[in-house]
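1. Make a model of this:
(2 chains)
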Amino acid sequence: MDVVLQKEVKGARRRANAFASLRRRAYIVLWGTAHRMGLLKKVLVYSMLITLAAAFALPLYWMISTALKPLDQVYSIPPQWFPNPIMWSNFPNALKVRGAPVLLCAWNTIQYTASGVLGTTLSSALVAYAFARLDFPGKNALFMLILSTLMIPFAVVMVPQFIIWYRLGWLDTLKPLMIPPWFGGAFNIFLLRQFFLTLPKDYDEAALIDGASRWGIFWRIIVPLSKPALATVAVFAFVYYWNDFLAPLIIISSEENFVLTLYLANFKLPFIGQIGWNLYMAAATMFLVPCLLVFFFAQKLFVRGIVITGLKR
Amino acid sequence: MAYSFIAPWMIGFLLFTGGPIIASFVLSFFKWRMIEPPSFVGLSNYADLFLSDPLFPQSLKVTGLYVLIAIPSGQVLALTLAILLNQRIRFLSFWRSLFYLPSVVSGVAVTVLWLWMYDPNYGLINHLLQMVGLPSVNWLYSEKWSLPALIIKSLWGVGGSMVIYLAGLQGVPQELYEAAQIDGAGDRSAFFHITLPMLSPVIFFNLVMGIILGIQTFTEPYLMTGGGPSNTTLFLGLYLYQAAFHFLKMGYAAAMAWIMFLIILAVTLLQFKAGERWVYYEVAE
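-> A predicted model of the protein is given here:
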């Protein structure tokens, strides 16, 4: 009796499944896969995409096209869409505009960015390693503390930090910019810890048995295995420090210590009118070139970094 | 041993974050203009902020309006873009780069670019308005349009949120949509009953981060309007900077910074509380 019933149930279930899969297959044959778009939807999607893309691309196009125009075309009405002739000379001329010493500013930016990238990547990796692999009292509480500092606005620590640099006599030097990155950044520590947790522990344990120290494991196993994550942090840090404005604005006052963001911000509006928006946009374009290059060569890293930190909860 | 690995962060925290937070709190009870020694004034910095300084409530209003409008509309735009990019489209990585790029290059150079875009006489935006027969607008020089101008500019930088949404969308199991379609659900109800609930943790994350950053807005008003005209773009971050480094009212600025901190804390906690109601987390197996 029982056996008969079971057989009956099994058979019914099998038929139901077969029917469902048949219905699904029919659906796919009739309507395409779940994601294939109908013509109307296709037109709608592409027209929205193209409209939005035009709106997003326009400012950057306008920056580059302004940078390449002769002065009279910058102020023409109706606007000149394509520069004619193309004034490549705007770029060298933009460097000759009287202002802060631009090459010195560029060198300062390079130093600041280099120190920022190296410092924050290395120190964050060390800290992240401890949180991913080692056990110590207070570990969870400390990690929560790190995460909660993500919420603290720079404004809250800005004034006391300024006073520290003032007391040390380091105002108007690059030191207050170049030193803090070496103490790790909350966001980077979090990102790297998430990554280190995905590495298999077997390697560490094998190395430990072979008598390697924790430092040795960090340098010889974790760092080489984590190149993509470290590169992600470095790339984010590059863009951050290259573009950093508020910290230099507070610390630096004399023009020979300016970074490029201060150099660009130092031109006030009436003066931009005098040098011409074409030269000014040429300067802004040159400033963005390193960021654009990094973006195009390391785009995958950006996306991955944003995904690691944005989605793991 | 482990502590030697986390030493950089611990030292940095004490010097640059934890210490300064406490110092900031103490400083907020003092009057200090850097040149003379600080003098204790009790709660009078806080009292002044709310009772006798019209600029502080104004800066709260400006920042609040900005966050209330810019962040939700930015998230809607980011989600729309992500959904468009999640369709079967050609040249996906081209479109994605195009929308993502502006958020990566944001900063001073891009802010001055928008200054140029908004130029009342020769700016591209007024040109475009005229082309479609609309009157030109005084944008950054107009009390009515200065804040909307900054909000529009902020929409240009939603690419970061878009990428997070895109990743979230790609994590939604395809079977859910197939099952819904077999059951006869349309695109609309699939969006409201599958996409939105599955994305709610991501929406939540983006909202929290967007609001935390939005409250601190500084570079745009500093470079584009200086807080004007008539303080219509006097953001909290900008007013705080001015109090500290133009007027050298360090104690006053510290009090303001603490209020900013408390606002961010309150908003974040509120969001976590509200998040419990509408954020759907997949049950872990």
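2. Of all the residues in the stretch 1-150 of chain B, which one is nearest chain A?
-> The minimum distance from the stretch 1-150 of chain B to chain A, using Cβ to the nearest Cβ, falls at B:G12 (2.3 Å). Placement of C-beta: from N, CA and C, glycine included.
3. In three-state terms, label that residue for me.
-> helix (DSSP: H, G, I helix; E, B strand; the rest coil).
4. Mind listing what's buried along the one helix or strand B:M260 maps to?
-> Here B:M260, judged by DSSP states H and E, is contained in helix B:250-278. Buried residues in helix B:250-278, counted by 16 or more other Cβ atoms under 10 Å in any protein chain shown: B:250-261, B:263-264, B:267-268, B:271, B:275.
5. Please see if that helix touches chain A.
-> Yes - Helix B:250-278 reaches chain A (Cβ under 8 Å from any Cβ of the partner chain) through B:M250, B:A253, B:A254, B:M256, B:A257, B:W258, B:M260, B:F261, B:I264, B:L265, B:T268.
6. which stretches of the stretch 151-300 of chain A have low pLDDT?
-> The stretch 151-300 of chain A contains residues with pLDDT under 70 at A:270.
7. residue in it nearest to chain B?
-> Closest to chain B within the stretch 151-300 of chain A is A:F183: 2.3 Å, counting by Cβ to the nearest Cβ.
8. For that residue, the count of nearby residues, please.
-> By the measure other Cβ atoms under 10 Å in any protein chain shown, the count of residues near A:F183 is 22.
9. List the residues that contact it.
-> Residues in contact with A:F183, defined by Cβ atoms under 8 Å, 6 or more residues apart in numbering or on different chains, are A:G119, A:S123, B:P8, B:W9, B:I11, B:G12, B:F13, B:L15, B:F16.
10. Tell me how far it lies from B:A23.
-> 17 Å (Cβ to Cβ, to the nearest Å).
11. Please apply the same query to A:T232.
-> Distance of A:T232 to B:A23, computed by Cβ to Cβ: 34 Å.
12. higher neighbour count, those two?
-> A direct count of neighbours by other Cβ under 10 Å for A:T232 and B:A23 places A:T232 higher, at 27 against 18.
13. if I read this right, the more buried one contacts A:F302, doesn't it?
-> Yes - between A:T232 and A:F302 there is a contact under Cβ atoms under 8 Å: 7.5 Å.
14. Just give me how far the helix or strand harbouring B:A47 sits from the chain centre.
-> For B:A47, the host element (DSSP H and E) is helix B:44-47. What separates the centre of helix B:44-47 from the centre of its chain is 27 Å, taken as Cα atoms, centre = their mean, to the nearest Å.
15. Tell me the buried residues in the helix or strand just after it?
-> Per DSSP H and E, the first helix or strand lying C-terminal to helix B:44-47 is helix B:55-85. Within helix B:55-85, the residues that count as buried by 16+ other Cβ under 10 Å are B:56, B:58-60, B:62-63, B:66-67, B:70-71, B:74-75, B:77-79, B:81-85.
16. could you say what helices and strands helix B:55-85 packs with?
-> Under the contact criterion of 3 or more Cβ pairs under 8 Å, 6 or more residues apart in numbering or on different chains; DSSP states H and E, helix B:55-85 touches helix A:39-67, helix B:92-104, helix B:146-155, helix B:159-170, helix B:196-215, helix B:236-241.
17. chain center to the helix or strand just after the fifth one, what's the gap?
-> The element immediately downstream of helix B:196-215 (helix or strand, assigned by DSSP H and E) is helix B:219-224. Distance of helix B:219-224 from the chain centroid (Cα atoms, centre = their mean) equals 14 Å.
18. can you give me the mean pLDDT across helix B:219-224?
-> Helix B:219-224 comes out with an average pLDDT of 93.
19. Which elements pack onto the helix or strand hosting A:V294?
-> A:V294 is part of helix A:277-297, with elements assigned from DSSP H and E. Secondary-structure packing of helix A:277-297 (3+ Cβ pairs under 8 Å, 6+ apart): helix A:39-67, helix A:71-74, helix A:90-96, helix A:227-243, helix A:260-265, helix B:92-104, helix B:108-117.
20. Now do the shortest one, average pLDDT.
-> By that I understand helix A:71-74. Helix A:71-74 comes out at a mean pLDDT of 88.
21. Report all helices and strands that it contacts.
-> Judged by 3+ Cβ pairs under 8 Å, 6+ apart, helix A:71-74 is in contact with helix A:277-297.
22. go with 10 Å
-> Applying 3 or more Cβ pairs under 10 Å, 6 or more residues apart in numbering or on different chains; DSSP states H and E, we find helix A:71-74 packed against helix A:39-67, helix A:277-297.
23. next one: the fifth one
-> Packed against helix A:260-265 by the contact rule (3+ Cβ pairs under 10 Å, 6+ apart) you find helix A:102-133, helix A:227-243, helix A:246-251, helix A:277-297, helix B:108-117, helix B:219-224.
24. Which among these is found nearest to B:L169?
-> Taking Cβ to Cβ, helix A:227-243 is the member of the helices and strands packed on helix A:260-265 nearest to B:L169, at 21.2 Å.
25. Report the buried residues of that closest one.
-> For helix A:227-243, the neighbour count (16+ other Cβ under 10 Å) marks A:229-243 as buried.
26. on that earlier part again, can you tell if the helix holding B:A47 touches chain A?
-> No - if you take Cβ under 10 Å from any Cβ of the partner chain as the test, helix B:44-47 misses chain A, and the best it gets is 12.3 Å.
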